[in-house]
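Enquirer: Sharing a model prediction with you, sequence too.
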Amino acid sequence: MDRRRILLIIFDGLGDRPITELGHKTPLEAAPKPNLDWFAANGTNGLLDPIAPGVTAGSDTSHLALFGYDPVETYTGRGPFEAAGVGLALQKGDIAFRCNFASVDENLVLTDRRAGRIKEGTAELARALDGMRLGRVRVLFREGTEHRAVLVLRGKGLSADVSDTDPHEEGQKIPDAKPTNGKGKNTAKALNAFTRRAYEILKDHPVNKARTEKGLPPANMVVCRGGGVAPDLEPVTERYGLKAAGIAGVALIKGMFRSAGMDVIEVKGATGGLDTDMVAKAEAALMALTTYDLVVVNVKAADLCGHDGHASEKIKVIERMDQMMGHLKAHLPQDVVVAITADHSTPCGLKDHSGDPVPLTVFGNDVRVDEVPHFDERSVARGSLGRLRGRDLMPVLLSQANRTEKFGA
Ligand code: ZN
Ligand code: ZN
């Protein structure tokens, strides 16, 4: 059978709502985007509810659904994906937390929750904490981007049922972690021991001495939040028999890829920020399609504009996304099924995610092309895919790629 490869492009936070200043258009409707429109006009289209109608999705839960998992069943918190994103291979029973390097005074009162958005020296600070032993619990610790970091507690009898040690507000004392039920006792004890030891190690660390001399806030504390146990996900390689790889700038999404059994392809210039090199991502995707059956690309920039409430920036980002699609269009092999969608809407007027569905276009050699001329929220609503849920996407793509098994005789 003519088995095809699949390219899934996820524009993070792309969906939006009509904006008065744009003449009641969404940024997608207002932006010139001939290449995205070309894919829509030559494809089959619809609206996608990442989780379910009206449910506001996080990037993590939505990516789980887009990869075909039931997010309600499999999601165990963001910490484990952040850990996988910075390259920590989690084992069963590990508890992972998202952390910040932070500044505290001698009474452990928070003075800067991001340690002056520290950019340099965090790798050295992380190395000083990594490998710490807390009784029978082992610490794995890695730096993330800027002030962000990941803590993993490894040992027997741990659970994620503990409160955060991140007070979230400056002027507050670092709180003790408390078990949220009977199971969290050992973890709370280990986490509190980690907090005290981290302060002892970090307060006199050369990196912090140098910072203090320069008048910068020292990164002398680690605050932790969002603890979660490693999720139990059947790798997509087994689930669908696909060799899969992902391309993304941000650690969380790389962690989603790794957790789902996909390889992560690092692309120079893919930053996860507004300055990300989208054409480099497209190049890398085309290259990856020579060896992988499924390639997923996440572009984060539109989500950032949504959170900032910058509609004009979002339009500019869409124009750059369109250039990326132009590059793909020009170099796309015949036997590739392309899906273009988003993981959720991030309306500029809301500055946060919303439960609005997102556009979906599926393009391929012999798709049943519908009458939709444009890739935007309102146009695709008239498409022949109708309204799907995130979890429906993989089956639709596998079918279009001639990779499904017959159900029945
Ligand atoms: Zn997202
Ligand atoms: Zn977001």
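Expert: Looks like it came in fine. Ligands and ions are numbered 1, 2, ... in the order given.
Enquirer: So in this protein, which helix runs the longest?
Expert: Looking across the chain with DSSP state H, the single longest helix is helix 311-331.
Enquirer: what's it packed up against?
Expert: Applying 3 or more C-beta pairs under 8 Å, 6 or more residues apart in numbering; DSSP states H and E, we find helix 311-331 packed against strand 5-11, helix 27-30, helix 34-41, helix 278-288, helix 301-308. In this view, the C-beta of every residue, glycine as well, is placed from N, C-alpha and C.
Enquirer: Of all the residues in whichever helix or strand comes after the longest one, which ones are buried?
Expert: So the one you mean is helix 278-288. Counting by DSSP states H and E, the next helix or strand C-terminal to helix 278-288 is strand 294-299. Across strand 294-299, burial judged by 16 or more other C-beta atoms under 10 Å covers 294-299.
Enquirer: What's the separation between the closest residue to V317 other than its chain neighbours and D322?
Expert: Among residues not flanking V317 along the chain, A301 sits closest, at 4.5 Å (C-beta to C-beta, 6 or more residues apart in numbering). The gap separating A301 from D322 is 12 Å, by C-beta to C-beta, to the nearest Å.
Enquirer: Up against ligand 1, what does the stretch 251-400 of the chain have?
Expert: The stretch 251-400 of the chain has residues D343 near ligand 1, with proximity defined as C-beta under 5 Å from the ion.
Enquirer: Right, and ligand 1 sits closest to which residue of the stretch 251-400 of the chain?
Expert: Going by C-beta to the ion, ligand 1 is nearest to D343 of the stretch 251-400 of the chain, at 4.2 Å.
Enquirer: Backbone torsions only: list them for that residue.
Expert: Per-residue torsions, D343: phi -90, psi -20 (degrees, to the nearest 10).
Enquirer: Do I have it right that it meets D12?
Expert: Yes - at 5.6 Å, D343 and D12 qualify as touching, with contact defined as C-beta atoms under 8 Å.
Enquirer: intersection of neighbour lists for these two?
Expert: 59, 298 (C-beta atoms under 8 Å, 6 or more residues apart in numbering).
Enquirer: out of those two, which sits in the more crowded spot?
Expert: D343 (30 against 24; other C-beta atoms under 10 Å).
Enquirer: tell me the contacts of that one?
Expert: D343 touches 10, 12-13, 50, 57, 59, 62-63, 66, 298, 358, counting by C-beta under 8 Å, 6+ apart.
Enquirer: closest to N220 among those residues?
Expert: S59 (30.6 Å; C-beta to C-beta).
Enquirer: So that closest one is in contact with H344, correct?
Expert: Yes - under the criterion of C-beta under 8 Å, S59 makes contact with H344 at 7.1 Å.
Enquirer: Settle it for me: which of the two has more neighbours?
Expert: H344 (31 against 24).
Enquirer: Relative to D335, how far out is the closest residue to the more buried one other than its chain neighbours?
Expert: Leaving out its chain neighbours, the residue that sits closest to H344 by C-beta to C-beta, 6+ apart is A57, at 4.3 Å. Note on A57: its distance to D335, by C-beta to C-beta, is 31 Å.
Enquirer: cool, M221 as well?
Expert: Note on M221: its distance to D335, by C-beta to C-beta, is 53 Å.
Enquirer: Neighbours of the residue lying closest to D70 once chain neighbours are set aside, how many?
Expert: Leaving aside its sequence neighbours, D70 sits nearest to R391 (C-beta to C-beta, 6+ apart; 6.7 Å). By other C-beta under 10 Å, the residues close to R391 number 19.
Enquirer: Let me see the contact set for R391.
Expert: 65, 68-70.
Enquirer: again, only this time at 10 Å
Expert: 49-52, 64-71 (C-beta atoms under 10 Å, 6 or more residues apart in numbering).
Enquirer: Got the phi and psi for it?
Expert: The phi/psi pair for R391 (degrees, to the nearest 10) reads phi -70, psi -20.
Enquirer: Buried residues, the helix or strand harbouring Y199. List them.
Expert: For Y199, the host element (DSSP H and E) is helix 185-203. Under the neighbour-count criterion of 16+ other C-beta under 10 Å, helix 185-203 has 185-195, 197-199, 202-203 buried.
Enquirer: Just want the angle from the following helix or strand past it to helix 185-203.
Expert: Sequence order places helix 206-213 as the next helix or strand after helix 185-203, per DSSP H and E. Here helix 206-213 points in a direction 60 degrees away from that of helix 185-203 (axes from the mean of the first three to the mean of the last three C-alpha atoms, to 10 degrees).
Enquirer: tell me which residues of helix 206-213 are tucked away?
Expert: 207-208, 211.
Enquirer: What are the neighbouring residues in contact with the nearest residue to Q400 once chain neighbours are set aside?
Expert: Among residues not flanking Q400 along the chain, V337 sits closest, at 4.8 Å (C-beta to C-beta, 6+ apart). By C-beta under 10 Å, 6+ apart, V337 lies in contact with 4-8, 43, 294, 362-367, 396-403.
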